[in-house]
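1. Pasting a predicted model and its sequence here:
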Amino acid sequence: MVVVLVHDRFGGNRAVEFFRPGQEGTSVITRLSQLFVRTLRDDPADAEVASHRWLVRAGYIRRVAPGVYSWLPLGLKVMQKVEAIFREEMETAGAQEVRFPALLPRDPYEATNRWTEYGENLFRLQDRRGNDMLLGPTHEEMFTLLVGDLYSSYKDLPLRLYQIQTKYRDEARPRAGLLRGREFVMKDAYSFDVDDEGLKASYQIFRDAYIRIFDRLGLEYVIVKATSGAMGGSESEEFQAVLSAGEDSFVRSPGGYAANVEAVTVTPPPAVAFEDVPDAVVVDTPGTPTIASLVEVLNTNHPRGDREWDAADTLKNVVLKVTEPDGSTWPLVIGLPGNREVDARRLSAALAPAEAAPFEEADFAAHPSLIKGYIGPGALGEKSPSKVRYLVDPRVVTGTEWVTGADQQDCHVMHLVAGRDFTPDGVIDVAEVREGDPAPDGSGPLTVERGMEVGHIFQLGRKYAEALGLKVLDRNGKLVTVTMGSYGIGVSRLVAAVAETTCDDKGLAWPVELAPYQVQVMVTGKGQEMFQAAEDLVEALSELGIDVLYDDRKASPGVKFTDAELLGMPVAVVVGRGLANGLVEVRNRRTGEKREVPVADVVATVRELVGG
Ligand code: ATP
Ligand code: MG
C-alpha cells in the first residue's frame with residue numbers, strides 16, 4: 001500500500017490515495033470543520049414529528065416554504081443511498097431508468113381528465129404564450145404516450161420503466177417535514193403488457209422488488225389492500241410503514257387480512273324478517289337534535305320492555321355538500337347506525353375526485369324540507385320531492401328497524417323498517433372502522449394501527465392506454481390496447497420514515513445502509529498525538545472503504561458528543577485520555593453500547609459493527 005498526500009477540494013486538507021493490489025482508489029477525508037453543516041440547538045417552530053425536528057436540527061434539510069425543502073450534504077447523501085437501493089432493485093426487476101421533465105403540457109392530462117380531477121392539488125402555470133402547463137404530480141400519462149410513440153408490437157412487450165424524479169402536489173396540509181411535502185422525490189415505475197396475465201406477472205415482479213427494498217431499508221411495514229383513488233384501475237396495495245406519526249390508519253386481522261381503513265369493505269348482514277315489526281309511528285322527542293339526547297329521551301319517555309335503547313338502534317342521517325372537480329355541487333345524505341360516525345378518509349376515498357363538506361346554514365335554507373337534527377328517510381331520496389341523494393351504510397339491510405328523524409322539529413319516527421318503509425338510493429361504505437369489527441373475509445376481529453404510506457402499487461389496466469391510444473399488434477395481427485401497472489415509492493418520504501423509526505431523544509440514529517457516514521471519529525483531548533492517532537484511524541478505516549466523518553474541530557468534548565448523537569452515524573470512535581494506555585472508545589449509536597478497545601483492534605471492531 002502506498003499513501004500519497006495531495007491537496008483536496010477543501011483547500012489544503014489531505015486526500016489520501018491508496019494503491020492496493022489489483023485495486024486503486026482515492027478517498028477524501030470529510031472533516032466536520034469543513035463540512036457544510038450547522039447543527040441547531042432549538043427545534044424548528046413548525047416541527048410536529050421527531051424526524052422533522054432532528055433532520056432540521058442536524059443540518060440535513062432546510063425549509064424553504066411550507067412543504068418545500070433544500071437538501072444539505074448530509075441529507076443528500078442519505079437520499080442518494082435510498083436511491084441506490086431503488087436502482088439496484090429496479091435493475092433486478094428488469095426495469096430501465098428514464099427521466100421525464102417535471103414541467104408538462106396540459107393536453108395529456110386533459111385526455112385522461114386528470115387536469116380536472118386533480119383539482120387544487122395540481123400546480124398549474126402558463127408559459128409566456130398563455131399555454132397551460134403543470135408540474136407533474138405523477139407521470140402515467142407521459143409514460144403511456146412515450147411507449148405509444150415508440151412501440152407497436154406485442155414483441156416489444158413486456159416493458160418495465162422507472163424514473164426517480166421530483167413531483168409536485170399542492171397538498172392541502174403539507175406537514176411533518178419530508179413526510180408530506182409539496183415538492184418531493186418519488187420513484188415511479190410502470191409496466192406495459194399485452195394481456196391481463198402479463199400485467200399480473202409484472203405486478204408480482206414489482207411487488208417482490210418493493211418487499212426487497214423495504215427489507216433492506218430495515219423498515220417495519222405492512223402490505224395492505226388499498227383504494228385506487230384518482231389513479232383509477234382495479235387491484236392496488238399499499239406498503240404502510242408502521243409509524244405512530246403516520247397519517248394513515250390500517251387494519252389487520254389475526255387471519256392475515258390487512259387493509260387501509262379507506263379500503264375496508266363491510267360485508268352486509270343478511271336481510272332480517274320484519275313481519276312482526278309494528279307499523280312505523282311518529283313520536284314526540286322534544287330537544288333531541290343529537291343521538292345522545294335522543295337515546296336519553298327514548299329511555300325516559302318511550303322505554304322498551306326488553307332492554308335500554310342504544311345509539312345503535314337509531315339511524316343517523318348526516319348531510320353533506322359534495323363538490324365535483326368542475327365546481328358543481330349536490331347535497332348528499334348518508335344514513336348510518338347512530339353508534340358510528342362517518343370516517344372522513346373513507347368518505348373522501350369513496351367520493352374522490354369529488355369532495356364533501358358539512359352542510360352550512362345557507363345550504364339548509366336552500367333545502368327547507370331538511371329539518372336540522374330531525375332529518376329522516378321520509379324527506380330523502382332522488383324520487384322524493386327534495387331529490388336529495390340518500391345513501392346508507394351496508395348494515396342498513398332490508399328488514400332492519402330504526403328510530404330516526406321524522407322530518408318535523410322535535411319528532412322522531414319509531415319502527416321504521418328498511419325495505420318496507422323506505423328505500424335508499426344506494427349504499428355507501430364510509431362509516432368508521434373500529435377495533436374489534438370483524439374482518440370482511442371472516443379472518444377474525446380487526447385491530448387498527450397508524451401508518452404512513454411509503455409505497456403504492458396499482459394494476460391500472462387499460463384506463464390510460466385507452467385514453468391516450470396506446471395499442472400494439474398482437475400475435476394475430478390485431479390491434480389491442482396495452483394494459484399497465486404503476487408502482488410508486490416515496491424517496492424523500494422514506495428518508496423521513498426511516499429517521500422517524502430510528503431516532504431517539506438525542507437525535508438521528510441511522511441504520512448502516514443509509515447513514516451518510518458509517519463512522520464518526522472524534523478527538524476529545526488536546527495533544528497533537530491524539531489528533532495524529534485519530535487521523536491514522538480515519539485513514540485506516542477509509543482504506544477499507546468505510547465512510548468516515550472526522551470531527552477535527554477544536555470544540556469541547558461535550559459539543560462533540562452531542563453533535564455525534566444528533567448527526568446519528570452508527571458508530572463513533574472517540575480518541576481521548578485512554579490513548580495514553582493504548583485504548584480508544586468505540587460507541588454504537590443505536591444500542592448506546594460503549595467499549596474500550598486497544599488501538600490495534602479498532603479497525604476490526606468498527607468493521608464488525610458496520611458489517612464491512
Ligand atoms: P398519500 O395517501 O400519503 O397522500 P398518495 O396515495 O397520494 O399518498 P401516491 O400517488 O400513491 O401517493 O404516490 C406514491 C408514493 O409517493 C407514496 O406511496 C408516497 O411514498 C409518496 N408520496 C406521495 N405524496 C407525497 C408527499 N406529499 N410527500 C412525500 N411523499 C409523497
Ligand atoms: Mg397512494
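-> Perfect, I can see it now. A quick note: this is a predicted structure, and the numbers were derived from the prediction, not measured. Ligands and ions are numbered 1, 2, ... in the order given.
2. Okay, and the most centrally placed residue in the chain sits in which element?
-> Nearest to the mean C-alpha position of the chain, counting by C-alpha atoms, centre = their mean, stands residue 453 at 2.5 Å. In the assignment (DSSP states H and E), residue 453 maps to strand 447-461.
3. That strand vs ligand 1: in contact?
-> Yes - against ligand 1, strand 447-461 shows contacts by C-beta under 6 Å from any ligand atom at 453-456. To be clear about C-beta, it is placed using only N, CA and C from the backbone, and glycine gets the same treatment.
4. Buried residues in that strand, which are they?
-> 448-449, 451-461 (16 or more other C-beta atoms under 10 Å).
5. what's the closest of these to ligand 1?
-> residue 456 (3.3 Å; C-beta to the nearest ligand atom).
6. quick one: pLDDT of the residue in the stretch 1-150 of the chain that ligand 1 sits nearest to?
-> Closest approach between the stretch 1-150 of the chain and ligand 1, counting by C-beta to the nearest ligand atom: residue 138, at 5.5 Å. Looking at residue 138, its pLDDT stands at 93.
7. Run through the bridge partners of the residue in the stretch 401-550 of the chain positioned nearest to ligand 1.
-> Closest approach between the stretch 401-550 of the chain and ligand 1, counting by C-beta to the nearest ligand atom: residue 490, at 2.3 Å. Counting by DSSP bridges, residue 490 is bridged to residue 186.
8. Now for it: which residues touch it?
-> Contact analysis of residue 490 by C-beta atoms under 8 Å, 6 or more residues apart in numbering lists 184-186, 453-455, 497.
9. Residue 518 now?
-> Residue 518 neighbours (C-beta under 8 Å, 6+ apart): 512, 546-548, 569-571, 606, 610, 612.
10. how much space between the residue nearest to it when sequence neighbours are not counted and ligand 1?
-> Counting by C-beta to C-beta, 6 or more residues apart in numbering, residue 610 is the residue found nearest to residue 518 once chain neighbours are left out, at 4.4 Å. As judged by C-beta to the nearest ligand atom, to the nearest Å, residue 610 and ligand 1 stand 28 Å apart.
11. Could you check how many residues crowd around residue 610?
-> Look at residue 610: counted by other C-beta atoms under 10 Å, it has 19 neighbours.
12. What strand or helix carries residue 572?
-> Short version, using DSSP H and E: residue 572 is in strand 571-575.
13. Which positions within the helix or strand just after that strand qualify as buried?
-> Stepping forward along the backbone from strand 571-575, the first helix or strand reached (DSSP H and E) is strand 583-588. Buried residues in strand 583-588, counted by 16+ other C-beta under 10 Å: 583-587.
14. all helices of the stretch 1-150 of the chain, in order?
-> 50-57, 73-92, 107-111, 114-117, 140-150 (DSSP state H, counting those that start in this stretch).
15. And ligand 1, is the longest one touching that?
-> No - if you take C-beta under 6 Å from any ligand atom as the test, helix 73-92 misses ligand 1, and the best it gets is 11.3 Å.
16. If you count contacts, what does that helix end up packed against?
-> strand 159-168, strand 183-193, helix 196-217, helix 491-502 (3 or more C-beta pairs under 8 Å, 6 or more residues apart in numbering; DSSP states H and E).
17. switch to 6 Å and redo it
-> Helices and strands touching helix 73-92, by 3 or more C-beta pairs under 6 Å, 6 or more residues apart in numbering; DSSP states H and E, are helix 196-217, helix 491-502.
18. Dump those to JSON lines, plus mean neighbour count, distance to residue 542 and mean pLDDT.
-> What follows is these, written out as JSON lines (neighbours: other C-beta atoms under 10 Å; distance: least, C-beta to C-beta, whole Å; pLDDT from 0 to 100):
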{"stretch": "helix 196-217", "mean neighbour count": "18", "distance to residue 542": "24", "mean pLDDT": "96"}
{"stretch": "helix 491-502", "mean neighbour count": "26", "distance to residue 542": "25", "mean pLDDT": "96"}
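19. Of all those helices, which one is nearest residue 384?
-> Residue 384 sits nearest to helix 196-217 of all these, at 42.6 Å, using C-beta to C-beta.
20. And the contacts of the closest one?
-> 85, 89, 93, 158, 191, 193, 221, 239, 455, 457, 459, 483, 485, 487, 498 (C-beta atoms under 6 Å, 6 or more residues apart in numbering).
21. any idea how far the fourth one is from residue 139?
-> The reference is to residue 158. 19 Å (C-beta to C-beta, to the nearest Å).
22. Of the two, give the one with the bigger neighbour count.
-> Taking other C-beta under 10 Å, residue 158 and residue 139 do not tie; residue 139 has more neighbours (26 against 18).
23. So for the strand holding residue 453, mean pLDDT?
-> 94.
24. Show me the contact partners of the following helix or strand past that strand.
-> Later in the chain than strand 447-461, the nearest helix or strand by DSSP H and E is helix 463-467. With contact meaning C-beta under 6 Å, 6+ apart, helix 463-467 is reached by 111-112, 140, 144, 232, 481-482, 484.
25. Among those, which has the minimum pLDDT value?
-> Out of these, that is residue 232, at 56.
26. hey, what's residue 96 bridged with?
-> residue 161.
27. for residue 168, that is, sorry about that
-> Using DSSP bridges, the beta-bridge partners of residue 168 come out as residue 183.
28. Might one say that it is in contact with residue 121?
-> No - using C-beta atoms under 6 Å, residue 168 makes no contact with residue 121, being 9.3 Å away.
29. So if I had to pick from those two, which one is more boxed in?
-> For residue 168 and residue 121, the more surrounded residue by other C-beta under 10 Å is residue 168, and the numbers stand at 22 against 15.
30. Per-residue confidence at the more buried one, what does it come out as?
-> pLDDT, read off for residue 168, is 97.
31. List the contacts of it.
-> 123, 135, 183 are the contacts of residue 168 under C-beta under 6 Å, 6+ apart.
32. Residue 420 now?
-> Contacts of residue 420 (C-beta under 6 Å, 6+ apart): residue 274.
33. Let's see that with 10 Å instead.
-> By C-beta atoms under 10 Å, 6 or more residues apart in numbering, the contact set of residue 420 is 274-275, 277, 279-280, 398-401.
34. List the contacts of stretch 84-91.
-> Here stretch 84-91 makes contact (C-beta under 10 Å, 6+ apart) with 95-97, 160-164, 187, 189, 206, 208-214, 216-217, 487, 489, 491, 494, 513-514.
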